[in-house]
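1. let's see this in three dimensions:
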Amino acid sequence: MNEINSKSFESVTVKSIIQAAKREFYEYGYKSSSLRRIVKDAGVTTGAFYGYFKNKEELFDYVVGCHADIFIKKFVSALDKFEALPADEQPCNMGEISGSCMDWMVNYVYKYPKEFKIILLASEGTKYENFIHEMVDLEVKATENFISVLKGLGYRVKDIDPKLEHILVSGMFSAFFEMIIHDMPYERACEYIKQLKEFHTAGWMKIIGL
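-> I've put the predicted structure just below:
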């Protein structure tokens, strides 16, 4: 993004562009969105737009990028925190750290619902179109590491077919984001996530033989 100081970024012009961009991206998706419609909706000139952003890609990145980065970093931090536990403490903490992270994630997506709907539903053609897939890959790797730890501790755990593992993890994340995609009320979403955590923790324990 162009270098914009915090004072100028609070300008009415920029706020108008951002709000118009959210509406445009949400309605049309990145690929079919139009800068011409965005500047018209924002009530600014094309010249004013290019005074702040280089192109549509940079604008999209500003609208959702920081939220996607914060979300992924929090998720990675939770995975790293669990993996940093002593091996003999990991089995009894299974689901605790990831569960707390999921609670945080619910709160975060409900603070920025439109931005996450844009990431999930309207980001084709951008670096964010594989957002869920990236999380799935991270979780699959973490699961495999945990199974290795269990084997090292002497647990007689079952091997999981890689395809099944990927399907199960993908299903978990797809289910997680259904709440925001379908405008589930926040209070209901909190209960939904509680049940989702219980379901997947019990399911994984059954599958790996704990």
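
2. check the nearest residue to Met184 once chain neighbours are set aside and give its pLDDT.
-> Distance criterion C-beta to C-beta, 6 or more residues apart in numbering; nearest residue to Met184, sequence neighbours excluded, is Tyr192 at 6.5 Å. (Glycine included, C-beta is placed from N, CA and C.) At Tyr192, the model reports a pLDDT of 92.

3. what's the answer for the one 4 residues further on, then?
-> In the prediction, the pLDDT value recorded for Leu196 is 89.

4. got the buried residues for the helix or strand the residue nearest to Met184 falls within?
-> Using DSSP states H and E, Tyr192 maps to helix 186-208. Using 16 or more other C-beta atoms under 10 Å as the test for burial, helix 186-208 gives 189, 192-193, 196-197, 200, 204, 208.

5. any idea how far the nearest residue to Ser123 once chain neighbours are set aside is from Asp69?
-> Of all residues not flanking Ser123 in the chain, Glu129 sits nearest, at 4.8 Å (C-beta to C-beta, 6+ apart). In this view, Glu129 and Asp69 are 15 Å apart by C-beta to C-beta, to the nearest Å.

6. same deal with Val44?
-> From Val44 across to Asp69, the span is 27 Å (C-beta to C-beta).

7. out of those two, which sits in the more crowded spot?
-> A direct count of neighbours by other C-beta atoms under 10 Å for Val44 and Asp69 places Val44 higher, at 19 against 10.

8. tell me how this protein divides into domains.
-> 6-50, 65-208 (automatic domain parsing).

9. can you flag the weakest of those by average pLDDT?
-> Here the lowest mean pLDDT among those goes to domain 6-50, at a mean of 89.

10. chain center to it, what's the gap?
-> Chain-centre distance of domain 6-50: 23 Å, with C-alpha atoms, centre = their mean, to the nearest Å.

11. how about stretch 58-71?
-> In this view, stretch 58-71 has its centroid 11 Å away from the chain centroid, taken as C-alpha atoms, centre = their mean.

12. check stretch 81-92 too.
-> For stretch 81-92, the separation from the chain centroid amounts to 24 Å (computed by C-alpha atoms, centre = their mean).

13. start to end distance for it?
-> Start-to-end span of stretch 81-92 (C-alpha to C-alpha, to the nearest Å) is 14 Å.

14. if I look at Glu96, how far off is Glu144?
-> Distance from Glu96 to Glu144, by C-beta to C-beta: 19 Å.

15. check Leu196 too.
-> Using C-beta to C-beta, Leu196 is found at 22 Å from Glu144.

16. likewise Asn55?
-> In this view, Asn55 and Glu144 are 39 Å apart by C-beta to C-beta.

17. what lies in contact with the helix holding Tyr192?
-> Contact with helix 186-208 is made by 94-95, 98-99, 102-103, 106, 110, 143, 147, 150, 157-158, 160, 168, 172, 175-176, 179-180, 184, as judged by C-beta atoms under 8 Å, 6 or more residues apart in numbering.

18. tell me the buried residues within the residues you listed.
-> Burial by neighbour count, judged by 16+ other C-beta under 10 Å, picks out 94-95, 98-99, 102, 106, 110, 143, 147, 150, 157, 160, 168, 172, 176, 179-180, 184 from these.
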